[in-house]
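> coordinates for the following, if possible.
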Amino acid sequence: MAIDIKSPQFPESIFEGTLSNWLKKEGQEIKQDEVLAEIETDKVVIEVTAPSDGIMGKIIIDEGSTIKSSEIIGTYDDAKDGKPKEIIEEVQPDPEPEVVQEVSPTPEPVPVADEAKKPSPVTKKQTSETKKDLKGFRMGPAAKKLLNEKDVPVENIQTSTKKGVITKQDILNAESKSEPSVSGKVDVAKETSSSKRVPMTRLRSVVAKRLLESQSQTASLTTFNEVDLFEVKELRAKYKETFEEKFGVKLGFMGMFLKASSIALQEMPIVNASIDGEDIVYHGFQDIGVAVSTDRGLVVPVVRNVQNLSIAEIELAIRDYSIKARDGKLGIEDMTGGTFTISNGGVFGSLLSTPILNPPQSAILGMHKIQDRPMVVNGKIEVRPVMYLALTYDHRLLDGKDAVSFLVKIKEILESPESMILGV
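Prediction:
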């Protein structure tokens with residue numbers, strides 16, 4: 001009996017998604033809770049799992065298609081009760097027979113009519129039919145159909161998906177690279193200067209839309225300052241080994257920046273507030289988002305209640321989120337409800353930038369590269385590790401004095417880090 005495979009019930013904030021990958025083919029055996037497909041939304045990748053053991057049936061929705069919540073995307077045959085159903089296995093084609101040429105001094109002529117009836121050892125059609133069954137390659141029905149129509153060696157196809165699934169576009173790209181010129185030789189100019197058009201991922205598309213909305217719906221302004229991180233680096237160098245031994249996580253800069261931001265937000269709650277219609281909402285907690293770059297794009301997991309966390313607890317939370325982001329395991333609840341955001345462009349070498357607000361938040365702090373610079377310290381010029389800080393804020397809610405004072409407060413805390421450790 002065929003049972004429907006449906007997309008999950010999306011949260012209220014997500015209206016549709018893109019079916020990015022089918023991980024099972026029609027006729028393959030599936031196990032309960034095994035991942036059958038992946039759906040990419042504007043925030044996370046959602047996995048579709050098998051409710052029970054069975055055999056994969058018909059794939060209704062192709063890869064790359066837009067789907068709604070609880071939509072039927074395929075079917076499977078349940079293997080419960082009675083005899084297990086026959087498993088349709090992939091059949092590896094027999095190897096091509098070795099062609100042995102015999103040297104005969106007086107070969108017999110073959111009539112033309114018989115020669116026309118004699119099939120060649122391997123025809124183009126046979127080659128195409130067997131491509132889709134080669135082991136080590138995965139693809140959906142639409143890609144299989146296209147591969148059967150194209151004379152492209154499978155080994156020449158480079159997949160563009162993180163799961164190694166071959167898509168239709170991958171096949172077309174491989175075909176365009178292997179097309180010979182009129183002379184029969186590979187067109188070097190075409191090989192080296194070919195262009196391609198690919199659709200935006202849903203995450204990239206939504207990020208682009210929201211960045212434009214941020215620019216058009218807020219009165220964004222950025223103020224800058226610099227911070228001498230000599231004391232922070234000294235503290236880190238002194239305790240990093242014992243810190244890691246005790247808490248099982250490295251002592252980084254981000255934990256101190258989140259803690260310093262939390263203290264400053266508590267002293268200046270207007271920076272932690274947001275606009276809701278004609279009202280100002282003052283949040284009684286500091287849920288700070290940390291911008292993380294992944295293969296899919298930028299995601300911002302939120303560290304909750306930073307005001308109640310130690311630096312070790314903050315570092316552990318950041319580490320866990322980084323692992324989940326890398327593996328595509330972040331959930332909707334991990335990335336919603338932040339009141340403030342920190343973005344660290346310094347890990348990529350950025351010296352100075354103007355971060356963009358993440359509405360409805362009213363401010364975002366930009367960290368940058370730490371670089372040795374000459375500084376005047378107690379009347380003497382010394383080489384110090386300095387970072388430029390940038391605070392982008394919504395001028396509808398924060399005045400320039402508020403923004404500058406907040407940034408100066410963070411600077412003061414980081415230049416005397418013992419103050420946030422001692423709570424003074």
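> and the closest residue to P360 other than its chain neighbours, how far from I3?
Using C-beta to C-beta, 6 or more residues apart in numbering and skipping residues adjacent in sequence, the residue nearest P360 is S274, 4.2 Å away. Backbone N, C-alpha and C define where each C-beta goes, glycine included. Distance of S274 to I3, given as C-beta to C-beta, to the nearest Å: 45 Å.
> the more surrounded of those two?
S274 (18 against 15; other C-beta atoms under 10 Å).
> may I have the phi/psi pair for the more buried one?
Per-residue torsions, S274: phi -150, psi 160 (degrees, to the nearest 10).
> ok, it - contacts?
I280, V281, H283, T339, P360, Q361, S362, L397 (C-beta atoms under 8 Å, 6 or more residues apart in numbering).
> low-confidence ranges in the stretch 251-400 of the chain?
296-297 (pLDDT under 70).
> can you give me the strands for it?
274-276, 279-281, 288-290, 292-294, 297-299, 302-303, 340-344, 363-367, 371-377, 380-394 (DSSP state E, counting those that start in this stretch).
> in a markdown table: those, plus distance to L309.
Rendered in a markdown table, the data for the strands of the stretch 251-400 of the chain read as follows (distance: least, C-beta to C-beta, whole Å):
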| stretch | distance to L309 |
| --- | --- |
| strand 274-276 | 22 |
| strand 279-281 | 22 |
| strand 288-290 | 10 |
| strand 292-294 | 18 |
| strand 297-299 | 21 |
| strand 302-303 | 7 |
| strand 340-344 | 14 |
| strand 363-367 | 17 |
| strand 371-377 | 29 |
| strand 380-394 | 22 |
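> for I72, find the nearest of those.
strand 297-299 (28.7 Å; C-beta to C-beta).
> what sits against the closest residue to S353 other than its chain neighbours?
Once flanking residues are discounted, S353 sits nearest to G345: 5.2 Å by C-beta to C-beta, 6+ apart. By C-beta under 8 Å, 6+ apart, the contact set of G345 is S353, P355, G366, M367, H368, K369.
> tell me how many other residues crowd E231.
For E231, the number of neighbouring residues by other C-beta under 10 Å comes to 15.
> and Y393, by the same measure?
Neighbours of Y393 using other C-beta under 10 Å come to 28.
> for P269, give its distance to L397.
For P269, the distance to L397 - C-beta to C-beta - is 11 Å.
> mind checking which of those two has more residues around it?
The neighbour comparison of P269 against L397 (other C-beta under 10 Å) goes to L397, with 18 against 13.
> hang on, the earlier thing: which stretch among the strands of the stretch 251-400 of the chain comes nearest T66?
That would be strand 297-299 among the strands of the stretch 251-400 of the chain, by C-beta to C-beta, at 18.0 Å.
> packing partners for the longest helix along the chain?
Longest helix of the chain, by residue count under DSSP state H: helix 230-247. Where contact means 3 or more C-beta pairs under 8 Å, 6 or more residues apart in numbering; DSSP states H and E, helix 230-247 is packed against helix 311-326, strand 380-394, helix 400-415.
> circling back to that earlier point, the contacts of G345 into a markdown table, with extra columns for neighbour count?
Output for the contacts of G345, formatted as a markdown table (neighbours: other C-beta atoms under 10 Å):
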| residue | neighbour count |
| --- | --- |
| S353 | 17 |
| P355 | 21 |
| G366 | 24 |
| M367 | 23 |
| H368 | 24 |
| K369 | 16 |
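> hmm, back to that, need the mean per-residue confidence for the longest helix of the chain.
Averaged over helix 230-247, pLDDT sits at 94.
> can you check stretch 165-176 too?
pLDDT averaged over stretch 165-176 gives 76.
> just the contacts of G345 now: which is nearest S69?
P355 (32.6 Å).
> just give the nearest non-adjacent residue to the closest one, would you?
That would be G366: by C-beta to C-beta, 6+ apart, it lies 4.1 Å from P355.
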